[in-house]
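Peer 1: Could you look at this predicted model? Sequence included:
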Amino acid sequence: MDLTSDQLPLKICMVASEVVPLAKTGGLADVVGALAVEFAKLGHDVCVMLPAYRHVDELGYQMTEGVRLAVPSAHGPIDTRVQEVFAPPLQVQGAGRLRVFVIRHDPYFSRSGLYQEAGRDYPDNLDRFAYFCRTVMEMVIHLGEHEGWQADLLHVHDWQAALCAVYLRTLYQGRPSLTRTRSVLTIHNLGYQGVFPATQFSLTGLPLHLFTPAALEFYGQVNVLKGGLIFADLLTTVSPTYSQEIQSAEYGCGLEGVITERKGVLSGIVNGIDTESWNPATDPYLIAPYHISDLAGKARCKKALQRELGLRPLKCPLLGVIARLTSQKGIDLVIDVLPELMELDVQVVILGTGDPHYEQQVGEWAARYPGKIAVRNVFDEGLAHRIEAGADMFIMPSRYEPCGLSQLYSLRYGTVPIVRKTGGLADTVVGYTPKALKESRATGFSFTDSSSGSLLTCLLLALSVYRNKADWQRIVRTGMAQDLSWSRSATTYVHLFRDVISGARDR
């Protein structure tokens, strides 16, 4: 039986500067790795391209000898090797196919960091990632000419990959292997734009007429992400609310005008989570498993967490915070409400590193209230799982949050999230109201104003509802019943991909 165009597998080239398990500095790597696997599981033919950082070699995965390419650059052709790497977490059985390619040029990528060292960006980052994007384009052409693999779509992520969308419509316009290829740019955090001095524009290899406000010029500087926003066929962000927020001056980081002009091709798709790694029924980090129909193990996890962190073995509500200790995450709001919380019968645990000033402050509070506040200024994956399982509530008062993952982990683990209504937090947590509770829609508590007073009011409401066991259990179970899988997100992406390929979503 012949397949219709809506059933044919797509050829998707995903381009990113980091991908789990090969290279990671943040959530971008998790998203790209998870989506690549899900696209392949859905039956699509996927390749992923990222730089061959030093850390990739240290992982010891098997690699092919690779292909050699002469990649154009501002310094002349660069002899480049592109190798396929075989990493078990990025291998898929049956359905579609997933291949991972790393782009090797050690002078650019064999360094201790991905983007910076000792807190300072590498001064040649534009040179590095312009070369990376040029190599991607050359490799896609190579696959088309030598393997007959013609990409339907370039799915590029954040500023480090954004020049691919620009090159597709400029330097590589009309190349036979790319005639049907379209581009989608996903913005994970608009705060990172790839802004460089005007004197570096020539490193992009683009003609000078593109250094204008209508293209890559941005207040006298080069803005790589802006170029991607203008030239990509489709734009996505990691939540519907964030896609609206970034069209405003408050969240647009200076690019709100560009984004508003292209809002017709902009969509927001909420991220998913790894529901196998984050599963309270099978989580190896937990002392006792539990699931939506039997929550007895959660109470045991709470007692074990109290013992582990030196908290008194009380039956009071336990509030968890896992975050970078920065103002963006609203940790200052949490600190501001600690005096009021310490007058109540509650306990607080905080896990995270960040601003030394905030680290010192939360440490002082823990010393002042031993047995009621526990603080760990480390990254500890196992402890993060145990806090998600053992806490009753999870506090996440971010000033902005493109998507957020911790609130999704909390929903999965029956830990009721207390969130500020912004970005992905607004899209994934249904705030408590009597009506939402009655209709079994409430999954947490939310507030709007970025102030300690609003956070405290929300917390006091949550604590009052907590005292009604039946109502609280309804909120817990409604949250645990949500579909947080990557397959949901990936299916939504594929629908958009088909639209842009068919021309249903015109530029």
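Peer 2: That came in fine, so what should we check first?

Peer 1: List the buried residues for the helix ranked longest in the chain?
Peer 2: In the chain, taking DSSP state H as the definition, the longest helix is helix 125-147. Neighbour counts over helix 125-147 (16 or more other CB atoms under 10 Å) mark 125-144 as buried. Using the backbone N, CA and C atoms, a C-beta is placed for each residue, glycine as well.

Peer 1: What of stretch 343-356?
Peer 2: For stretch 343-356, burial by neighbour count (16+ other CB under 10 Å) applies to 346-352, 354.

Peer 1: ends of that stretch, how far apart?
Peer 2: 26 Å (CA to CA, to the nearest Å).

Peer 1: in this structure, what spans have low per-residue confidence?
Peer 2: 1-6, 504-507 (pLDDT under 70).

Peer 1: rerun at 80
Peer 2: 1-7, 93-95, 504-507 (pLDDT under 80).

Peer 1: okay, now Leu496: neighbour count?
Peer 2: 18 (other CB atoms under 10 Å).

Peer 1: quick one: it and Ser267, what's the gap?
Peer 2: 6 Å (CB to CB, to the nearest Å).

Peer 1: can you list residues touching both of those two?
Peer 2: 234, 236 (CB atoms under 8 Å, 6 or more residues apart in numbering).

Peer 1: before we move on, the earlier item: the buried residues of stretch 343-356 in strands, which ones?
Peer 2: 347-351 (DSSP state E).

Peer 1: closest to Gln407 among the residues you listed?
Peer 2: Leu351 (15.1 Å; CB to CB).

Peer 1: thought the closest one was touching Leu325?
Peer 2: No. Assessed by CB atoms under 8 Å, Leu351 is found out of contact with Leu325, at 9.7 Å.

Peer 1: helix, strand or coil for Gly227?
Peer 2: The three-state label given to Gly227 by DSSP: H, G, I helix; E, B strand; the rest coil is helix.

Peer 1: Only C-alpha atoms, please: export the longest helix of the chain in PDB.
Peer 2: This file holds the C-alpha atoms of helix 125-147, laid out as PDB (Å, rounded to 0.1, in the frame of the first residue of the first chain):
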ATOM      1  CA  ASN A 125      33.100  32.000  19.300                       C
ATOM      2  CA  LEU A 126      31.700  33.600  16.100                       C
ATOM      3  CA  ASP A 127      34.500  32.100  14.100                       C
ATOM      4  CA  ARG A 128      34.000  28.700  15.700                       C
ATOM      5  CA  PHE A 129      30.200  28.400  15.200                       C
ATOM      6  CA  ALA A 130      30.100  30.000  11.800                       C
ATOM      7  CA  TYR A 131      32.600  27.300  10.700                       C
ATOM      8  CA  PHE A 132      30.400  24.700  12.500                       C
ATOM      9  CA  CYS A 133      27.300  25.800  10.500                       C
ATOM     10  CA  ARG A 134      29.200  26.000   7.200                       C
ATOM     11  CA  THR A 135      30.400  22.400   7.800                       C
ATOM     12  CA  VAL A 136      26.800  21.300   8.500                       C
ATOM     13  CA  MET A 137      25.800  22.700   5.200                       C
ATOM     14  CA  GLU A 138      28.600  21.000   3.400                       C
ATOM     15  CA  MET A 139      27.900  17.700   5.100                       C
ATOM     16  CA  VAL A 140      24.200  17.800   4.200                       C
ATOM     17  CA  ILE A 141      25.200  18.300   0.600                       C
ATOM     18  CA  HIS A 142      27.700  15.400   0.800                       C
ATOM     19  CA  LEU A 143      24.900  13.100   2.200                       C
ATOM     20  CA  GLY A 144      22.700  14.200  -0.700                       C
ATOM     21  CA  GLU A 145      25.300  13.700  -3.400                       C
ATOM     22  CA  HIS A 146      26.900  10.500  -2.100                       C
ATOM     23  CA  GLU A 147      24.100   8.700  -0.200                       C
END
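
Peer 1: Which neighbouring elements make contact with that helix?
Peer 2: strand 11-15, strand 45-51, strand 67-71, strand 78-86, strand 97-104, helix 106-109, helix 158-169 (3 or more CB pairs under 8 Å, 6 or more residues apart in numbering; DSSP states H and E).

Peer 1: Looking at the ones you listed, spot the one closest to Ile418.
Peer 2: helix 158-169 (29.1 Å).

Peer 1: what residues are up against Asp127?
Peer 2: So Asp127 contacts 73-74, 108, 200, 203 (CB under 8 Å, 6+ apart).

Peer 1: I'd like the distance between it and Val140.
Peer 2: 21 Å.

Peer 1: all helices for the stretch 151-300 of the chain, in order.
Peer 2: Listed in chain order, the helices of the stretch 151-300 of the chain (DSSP state H, counting those that start in this stretch) span 158-169, 224-231, 240-245, 256-261, 296-309.

Peer 1: Can I get the contacts of Asp127 in JSON lines including distance to Val224 and neighbour count?
Peer 2: Formatted as JSON lines, those follow (distance: CB to CB, whole Å; neighbours: other CB atoms under 10 Å):
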{"residue": "Ser73", "distance to Val224": "16", "neighbour count": "18"}
{"residue": "Ala74", "distance to Val224": "15", "neighbour count": "15"}
{"residue": "Tyr108", "distance to Val224": "16", "neighbour count": "21"}
{"residue": "Gln200", "distance to Val224": "10", "neighbour count": "17"}
{"residue": "Leu203", "distance to Val224": "10", "neighbour count": "20"}
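
Peer 1: hmm, which two among those residues are most spread apart?
Peer 2: By the measure CB to CB, Tyr108 and Gln200 form the most distant pair in the contacts of Asp127, at 14.8 Å.

Peer 1: circling back to that earlier point, CSV for the helices of the stretch 151-300 of the chain, including mean neighbour count and distance to Tyr61?
Peer 2: As requested, these are exported to CSV (neighbours: other CB atoms under 10 Å; distance: least, CB to CB, whole Å):
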stretch, mean neighbour count, distance to Tyr61
helix 158-169, 26, 22
helix 224-231, 25, 29
helix 240-245, 21, 34
helix 256-261, 16, 38
helix 296-309, 18, 34
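
Peer 1: mind putting those helices in JSON lines, distance to Phe447 included?
Peer 2: Below are these laid out as JSON lines (distance: least, CB to CB, whole Å):
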{"stretch": "helix 158-169", "distance to Phe447": "29"}
{"stretch": "helix 224-231", "distance to Phe447": "31"}
{"stretch": "helix 240-245", "distance to Phe447": "15"}
{"stretch": "helix 256-261", "distance to Phe447": "24"}
{"stretch": "helix 296-309", "distance to Phe447": "25"}
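
Peer 1: To Ala490, which of these lies closest?
Peer 2: Ranking the helices of the stretch 151-300 of the chain by proximity to Ala490 (CB to CB) places helix 240-245 first, at 16.5 Å.

Peer 1: For that closest one, which outside residues touch it?
Peer 2: 236-237, 251, 266-270, 400-403, 422-424, 426-427.

Peer 1: one more time with 10 Å, if that's ok
Peer 2: 187-190, 235-237, 239, 251-252, 256, 259, 263, 266-270, 400-404, 421-428 (CB atoms under 10 Å, 6 or more residues apart in numbering).

Peer 1: Now, those that are in strands?
Peer 2: Using DSSP E, the contacts of helix 240-245 in strands are 187, 235-237, 266-268.
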